[in-house]
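[1] sequence first, predicted model second:
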Amino acid sequence: MGFAASVTLGLAGLFALAWVLRAGARALLTGHSRSIASDMPLTAAFGLLVIVIYAFVAIAAPLLAPFPERDIVGTQFQAWSADHPLGTDRIGRDMLSRLIYGARNTVGIAFATTALAFVVGSLLGLWAALTGGWLDQILSRFVDALMAIPALIFSLLLLTIFGTSVLSLILVIAAVDATRVFRLARSVAQGIVVMDYIEAARLRGEGAWFLIRREILPNAMAPLVAEFGLRFCFVFLSISSLSFLGLGIKPPTADWGSMVRDNATLITFGDVTPLLPAGCIALLTVAVNFVVDWQLYRASGLREATQ
Amino acid sequence: MTREVLLRIEGLRIEGRSGDTWSEIVKGVDLTLHKGEVLGLIGESGAGKSTVGLAAMGFARDGCKITGGSIMFDGIDLRRATEAQRRALRGKRIAYVAQSAAASFNPAHRLIEQYAEAPVIHGVMARDKAEKDAVDLYRKMQLPDPEGIGFRYPHQVSGGQLQRAMTAMAMACRPDLIIFDEPTTALDVTTQIEVLAAIRDIVRQFDTAAIYITHDLAVVAQAADRIKVLLRGEEVEEAPTRQMLDAPREEYTKSLWAVRSFARPVQPPATAAPVLSVRGVTAAYGKTVVLEDVSFDIHAGRTVAVVGESGSGKSTTARVITGLLPPTSGEIVFDGAALPPALKARTRNQLRQVQMIYQMADTALNPKQRLRELIGRPAQMYLGLHGRALDARVRDLLHLIELDPDTYIDRLPGELSGGQKQRIGIARALAAEPRVIICDEVTSALDQIVQEGILQLLTRLQDEFGLAYMFITHDIATVRAIADEVVVMQRGRVVDAGHKTEIFTPPHQPYTELLLSSVPEMDPDWLTRLLDSRA
């Protein structure tokens, strides 16, 4: 069976499974969650399913992987076989196992980074919009200055200064990404802080933390969630590209980005193995974007409150 | 003297979509309009007035579809006509004037360019001729500087002028039919008169037929030959204007008349010391002075109505009282002691005493908070209520505003009607147990029947709790209904003030006179008389 045919078949299988699960959710759930399930397009169900599978693989990696992550278990560049379903890499480690552990490392780090970027960026953005005046000016101009430096070069610079540990990788990419989140959160919140209910809350004597948490954030949530999905993909890609450049996740830790680089020579021999980690990245990116599209649609088109 | 029929709508049915379900919003309406005739279309919001108006152009809004009936315009079946045929009619033979001219003009083009667009597209006139014609019509609409005004952008022209420019634009191709959709609703009473008079004159002058959609009977009485009353997509009754005003047949129509008859009994002048006093307040936005030496008192159990056109400083006064805009001089005295000018310097107890209810309940209630939190938060914050005591208090408050607690306590504002939302605004203010409530145009976004309910509720609460109200409004009918004292403001100054009976009994101050005489009366000859007396 050809590679392209099996990929197509696999994707079709995922779609079919997503359809079945969605139908099941419609039948079993009640109330609000049921109405969400019945509005869900098939693409979103597919995206959710893929995300759930990735999360499961990441969490259960030691149970699923046939070999340990870092051990050399064969000779260099073995072909696909029963022992090593996806062959071995440059120094004889099992590709399938590394692909499975890679999900844990790459996706885990990307998630932590995005979450951090969002907490910092959106809180500062909402705060700047709410307070206005000099605080807004200082924060916004500082963010402008950071954004003026190309993101990749800026993160390379910071990583060279602080060294390339996993922690500094997370912090550096989060800092770069938080600037984008800040801009979005601030502009969304600027449309909200002029509403009368914010004035009413101010007149009541509420503090900034309450205003951000209870009055602004719930109304800014939809665009922020949508942006979270998009940012997650970008972070994912920047980790991969940093790893590809040798400044991301360090060997021997398995990481999809560096796996592509390490085994790139195989492509010249017509072997698709080095493309598999890239394919994993692509599939997750597409899945996340399907879910994000659905969230965007729900936030803009579907006004559940008025029904 | 019946003339030939221009528009005949029979058994019109229109469905609207909410979510996945379609429901009928116009249920078989018939309508006949003769050449040169003006038909008034009246009803509350949701009655289907605008939908019927648009259907007269063979048009249905997004989310609506025409499902039945026929629409014949001058021998052309608009339902069978192709989209191209309908487009050829629109703007040329049928024109539309929307409620908000400010939102309907393209802000990026000058008025005259937008005027010339329709005649040029429809090939009625060449561009230079259309522009000459525009100046002529601007003059007929009594716009100031008719030669120059067309070269301004929409934001450089006042609301009333923009509405007249829009009417002139609708006239550009000399259509047979114009549909006016609430053209004066967003305007001040004094401006409304000018627009109304201009519309009436130009329609008569060019012998244009018109459908005039509004919820204000007194307004439509000035312009319409016949009036049709709609209720929930169905016709209630139709009659010539005078007959309709003198002898409405249906109960519903009578109730539309009766709304304005609600009035709180006149209270004796207050003898106790005022609960809140505005003393010599001058305030400015940057260097622009917006309030000059404003003073008045508010007494417990009494209502002070602050009236004036937009820009007169009514809402700014409220901002000064609440501390959002510290005054440059003067002070706000509460219960004998001066309040700190800035919001941040006020204690929680001082904040609690003065509460505010807003005009637009839609923007005044956080759409993501349930009523439990919306109403409960002030009680929790000011009175330290928690858990079961808080729940009980919220339920009490819902009872007070005549909403069933079990049904409503966990709803979101989006699940309420306009009137119910405004009631929640009232409950939120009450939750703080204040002594003064500032009502900023609280009824102006509501239908008249709903308005009456809100006014009755406010009055009942006032009597029950001895509340002092500052009632900001531009609606004189509301002032007559509930005010004790009246403060008339113009350009940031108090020009007239006193007990309601003094203010409403002649002789008036000149500005008060202008304001009072501008309120439309339920009399078809009122506008003609008024314009004669002013001439």
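    Okay, I see it. Note that the coordinates shown come from a computational prediction; the quantities given were computed from them, not determined experimentally.

[2] quick one: stretch A:20-27 near chain B?
    No. Against chain B, stretch A:20-27 shows no contacts by Cβ under 8 Å from any Cβ of the partner chain, the least distance being 14.1 Å. Placement of C-beta: from N, CA and C, glycine included.

[3] check what pLDDT the residue of chain B found nearest chain A gets.
    Shortest chain B-to-chain A distance, computed as Cβ to the nearest Cβ: residue-wise this is B:Gly414, at 2.9 Å. Note for B:Gly414: predicted pLDDT of 82.

[4] tell me the secondary structure for B:Met72?
    State at B:Met72, reduced to three classes by DSSP: H, G, I helix; E, B strand; the rest coil: strand.

[5] leaving out chain neighbours, which residue sits closest to it?
    Nearest-residue entry for B:Met72: B:Arg8, 4.7 Å, with adjacent residues in sequence omitted and distances by Cβ to Cβ, 6 or more residues apart in numbering or on different chains.

[6] tell me the bridge partners for that neighbour.
    B:Thr32, B:Met72 (DSSP bridges).

[7] show me what the host helix or strand of A:Ala200 is in contact with.
    Assigned by DSSP states H and E, A:Ala200 belongs to helix A:196-204. Residues outside helix A:196-204 that contact it (Cβ atoms under 8 Å, 6 or more residues apart in numbering or on different chains) are A:130, A:192, A:210-211, A:215-216, B:322-324, B:343, B:351, B:355-356, B:358, B:360, B:363-366, B:377-378, B:381-382, B:428, B:432.

[8] can you give me the domain boundaries for chain B?
    Domains of chain B are assigned by automatic domain parsing as B:5-256, B:276-504.

[9] follow-up on the earlier one: isn't there a helix covering the residue of chain B closest to chain A?
    Yes. B:Gly414: assigned to a helix according to three-state DSSP.

[10] show me what from the stretch 51-200 of chain A comes close to chain B.
    A:195-197, A:199-200.

[11] which of the residues you listed sit farthest apart?
    A:Met195 and A:Ala200 (8.9 Å; Cβ to Cβ).

[12] the more surrounded of the two?
    A:Ala200 (26 against 21; other Cβ atoms under 10 Å in any protein chain shown).

[13] what pLDDT does the model give that one?
    A:Ala200 carries a pLDDT value of 91.

[14] then A:Phe210?
    pLDDT, read off for A:Phe210, is 92.

[15] same check, this time on B:Ala379
    So, for B:Ala379, pLDDT stands at 91.

[16] for it, give me its contacts.
    Residues in contact with B:Ala379 (Cβ under 8 Å, 6+ apart) are B:385, B:390, B:393-394, B:397, B:431-432.

[17] check B:Gln456 too.
    Shown in contact with B:Gln456 (Cβ under 8 Å, 6+ apart): B:Phe262.

[18] what strand or helix carries it?
    helix B:448-465.

[19] which positions in that helix come out as buried?
    Buried residues in helix B:448-465, defined by neighbour count with 16 or more other Cβ atoms under 10 Å in any protein chain shown: B:448, B:450-455, B:457-459, B:461-462.

[20] check stretch B:329-342 too.
    For stretch B:329-342, burial by neighbour count (16+ other Cβ under 10 Å) applies to B:330, B:332-334, B:339, B:341.

[21] near chain A at all, it?
    No. On the criterion Cβ under 8 Å from any Cβ, stretch B:329-342 is out of touch with chain A, staying 11.8 Å away.

[22] give me the distance from that stretch to the chain's centre.
    What separates the centre of stretch B:329-342 from the centre of its chain is 33 Å, taken as Cα atoms, centre = their mean, to the nearest Å.

[23] now find how far off-centre the helix or strand bottoming out on mean pLDDT in chain B is within its chain.
    Every helix and strand in chain B was compared by mean pLDDT, DSSP states H and E; the lowest is helix B:251-258, with a mean of 75. Between the centre of helix B:251-258 and the centre of its chain there are 20 Å (Cα atoms, centre = their mean).

[24] A:Gly257 contacts A:Ile109, doesn't it?
    No. The criterion here is Cβ atoms under 8 Å, and A:Gly257 misses it with A:Ile109 at 10.6 Å.

[25] which one's more surrounded, those two?
    Between A:Gly257 and A:Ile109, counted using other Cβ under 10 Å, the more crowded position is A:Gly257 (26 against 23).

[26] re earlier: closest to B:His109 out of the residues of the stretch 51-200 of chain A next to chain B?
    Distances from B:His109 to these, taken as Cβ to Cβ, are shortest for A:Met195 (30.3 Å).

[27] so which bits of the stretch 201-350 of chain B are right by chain A?
    So the stretch 201-350 of chain B meets chain A at B:322-324, B:343, B:346, B:348 (Cβ under 8 Å from any Cβ).

[28] of those, buried ones?
    Buried members of these, scored by 16+ other Cβ under 10 Å, are B:322-323, B:343, B:346.

[29] from those, which ones fall inside strands?
    With strands defined by DSSP state E, no entry of those lies inside them.

[30] would you format those as a markdown table with pLDDT included?
    Converted to a markdown table, these look like this (pLDDT from 0 to 100):
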| residue | pLDDT |
| --- | --- |
| B:Thr322 | 92 |
| B:Gly323 | 90 |
| B:Leu343 | 89 |
| B:Arg346 | 91 |
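
[31] let's see which of the residues you listed end up in helices.
    Judged by DSSP state H, these include B:Thr322 as members of helices.

[32] with distance to B:Pro510 as added columns, please give the buried ones among the residues of the stretch 201-350 of chain B next to chain A in CSV.
    Shown next, in CSV, are those (distance: Cβ to Cβ, whole Å):
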residue, distance to B:Pro510
B:Thr322, 31
B:Gly323, 34
B:Leu343, 37
B:Arg346, 39
